[in-house]
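sequence unavailable; structure follows:
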């Protein structure tokens, strides 16, 4: 039974499958697996909450929670941990279970890490367009990748793979909103409020996040309501995603969107974990604007982030502009979802952007005007 860590945080590479021969029962194995995951969490310091410099006369503080510092490199580390614990306590994951997930990137990377920690095989089912960088990261943590032609095929393919290989389909899009304890228990919302306690504005006016599964926004929205915080939740969504029209219409009968060009967020369909009723406001963000804001962050704060962080920031800037216009002082928190080094070959590559038809330059001009004037003028030439 390979679930002891070797001290490097990567779970090692070898597997000992002789758990039955040592007299281990399913319950024994699950108990030890849960302890292993909880120990990994206990060894991990919380992620940083950076104060991002803004013009002092605006009277607004911006905080960026850097989820890229998790061992598997992204916000999805928390989700993967919760999904594994959820599967273990439900008896769905056993010592001989193959873990299967439908994911285009960061969730699969994080799940591969936890599968390796427990000595379990992991298969990620992804669209063939998934970047080689993400495939390499999954394989680095001992996972395997099954590529399908169309993003819409990943769900059925993952179910089929799990059914034929003694596997468990993690199904992040269904279970993300229920696997995490929204009351607290070290979730991301509780962490944010704990880290803000000594700040000038310890209760933020807004928290701004994107939606991939919908699990993060559901957890934060529920936490805010449960603890009676006046903080409002803004969810940003890339162009062509089904989440924004679903939130506006308040119905499941929303026409399917298109696969997102911003990795980690946006979906072609409303996912079961997306809970529109806990969201106070949504903003749809042009993909090129996400890239522009991602690049601007590097100049502003020296932080190198991925494109979904840029989507967050596009929503942040216009929200701050509204606060400045009203003369309202306060604070805003958003997330740095993953590090920019994962995207050197695409979103930070001008030739790749041109092939994708993405021109961030006009949106960069919008951000510059905002910082010069404090007013939001979204007009793009």
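Received the coordinates, thanks. As the structure is a prediction and not an experimental result, all values here were calculated from the model. Numbers count the residues shown, from 1 in each chain.

give me the number of residues near the residue found closest to residue 280 once you drop the neighbours it is linked to in the chain?
Leaving aside its sequence neighbours, residue 280 sits nearest to residue 232 (C-beta to C-beta, 6 or more residues apart in numbering; 4.1 Å). Glycine gets a C-beta too; all of them are placed from N, C-alpha and C. Residue 232: 16 surrounding residues under other C-beta atoms under 10 Å.

surely residue 232 touches residue 205?
Yes: using C-beta atoms under 8 Å, residue 232 is in contact with residue 205, at 6.9 Å.

OK, contacts around the residue nearest to residue 280?
Residues counted as contacts of residue 232 (C-beta atoms under 8 Å, 6 or more residues apart in numbering) are 205, 206, 207, 224, 280, 281.

mind listing the strands for the stretch 51-200 of the chain?
Residue ranges of the strands in the stretch 51-200 of the chain, as given by DSSP state E, counting those that start in this stretch, are 60-66, 98-102, 122-127, 144-148, 167-169.

so for residue 249, which of those sits nearest?
strand 98-102 (25.1 Å; C-beta to C-beta).

what helices or strands is that closest one leaning on?
helix 106-118, strand 122-127, helix 154-164, strand 167-169, helix 172-179 (3 or more C-beta pairs under 8 Å, 6 or more residues apart in numbering; DSSP states H and E).

cutoff 10 Å now
If contacts are counted by 3 or more C-beta pairs under 10 Å, 6 or more residues apart in numbering; DSSP states H and E, strand 98-102 sits against helix 76-89, helix 106-118, strand 122-127, strand 144-148, helix 154-164, strand 167-169, helix 172-179.

which one of those is the most hemmed in?
Compared across the helices and strands packed on strand 98-102, helix 106-118 shows the largest average neighbour count, a mean of 28 (mean count of other C-beta atoms under 10 Å).

roughly how far is that one from the heart of the chain?
The chain centroid and the centroid of helix 106-118 are separated by 14 Å under C-alpha atoms, centre = their mean, to the nearest Å.

equivalent analysis for stretch 174-191, please.
Centre to centre, stretch against its chain (C-alpha atoms, centre = their mean), the figure for stretch 174-191 is 13 Å.

quick one: the residue nearest to residue 280 and residue 62, what's the gap?
Per C-beta to C-beta, to the nearest Å, residue 232 is found 15 Å from residue 62.

now residue 162
Distance from residue 162 to residue 62, counting by C-beta to C-beta: 42 Å.

export the strands of the stretch 51-200 of the chain to JSON lines and tack on mean pLDDT and distance to residue 236?
Shown next, in JSON lines, are those (pLDDT from 0 to 100; distance: least, C-beta to C-beta, whole Å):
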{"stretch": "strand 60-66", "mean pLDDT": "98", "distance to residue 236": "14"}
{"stretch": "strand 98-102", "mean pLDDT": "97", "distance to residue 236": "23"}
{"stretch": "strand 122-127", "mean pLDDT": "94", "distance to residue 236": "22"}
{"stretch": "strand 144-148", "mean pLDDT": "94", "distance to residue 236": "28"}
{"stretch": "strand 167-169", "mean pLDDT": "97", "distance to residue 236": "29"}
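
residue 87 is nearest to which of the ones you listed?
strand 167-169 (5.9 Å).

can you tell me the element the closest residue in space to residue 281 that isn't next to it in sequence falls in?
Leaving aside its sequence neighbours, residue 281 sits nearest to residue 234 (C-beta to C-beta, 6+ apart; 4.8 Å). Secondary structure assigned from DSSP states H and E places residue 234 in strand 232-238.

what about that strand, distance to the chain center?
Worked out by C-alpha atoms, centre = their mean, strand 232-238 lies 13 Å from the chain centre.

what pairs with it, and is each one parallel or antiparallel?
strand 206-210 (parallel), strand 281-285 (parallel) (DSSP bridges).

rounded mean pLDDT for the last one, please.
This points to strand 281-285. In this model, strand 281-285 carries a mean pLDDT of 97.

dump the helices and strands packed on strand 98-102 to JSON lines, plus distance to residue 218.
Output for the helices and strands packed on strand 98-102, formatted as JSON lines (distance: least, C-beta to C-beta, whole Å):
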{"stretch": "helix 76-89", "distance to residue 218": "11"}
{"stretch": "helix 106-118", "distance to residue 218": "15"}
{"stretch": "strand 122-127", "distance to residue 218": "23"}
{"stretch": "strand 144-148", "distance to residue 218": "27"}
{"stretch": "helix 154-164", "distance to residue 218": "19"}
{"stretch": "strand 167-169", "distance to residue 218": "20"}
{"stretch": "helix 172-179", "distance to residue 218": "4"}
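
for residue 38, what are its contacts?
Residues in contact with residue 38 (C-beta atoms under 10 Å, 6 or more residues apart in numbering) are 81, 85.

so where's the stretch 101-250 of the chain uncertain?
Applying pLDDT under 70 to the stretch 101-250 of the chain flags the ranges 250.

so where do the helices sit in the stretch 251-381 of the chain?
In the stretch 251-381 of the chain, the segments counted as helices under DSSP state H, counting those that start in this stretch are 287-301, 307-326, 350-356, 361-373.

how about the second one: buried residues?
I take that to be helix 307-326. 307-321, 323-324 (16 or more other C-beta atoms under 10 Å).

could you do the third one as well?
Neighbour-count burial for helix 350-356, with 16+ other C-beta under 10 Å as criterion, is recorded at residue 353.

average pLDDT for it?
pLDDT averaged over helix 350-356 gives 94.

make residue 1 into 289 and carry on from there
That works, and once the first residue is 289, the last one we named lands at helix 638-644.

residues contacting it, please?
With contacts defined as C-beta under 10 Å, 6+ apart, helix 638-644 is touched by 419, 549, 575-576, 579, 631-635, 637, 646-648.
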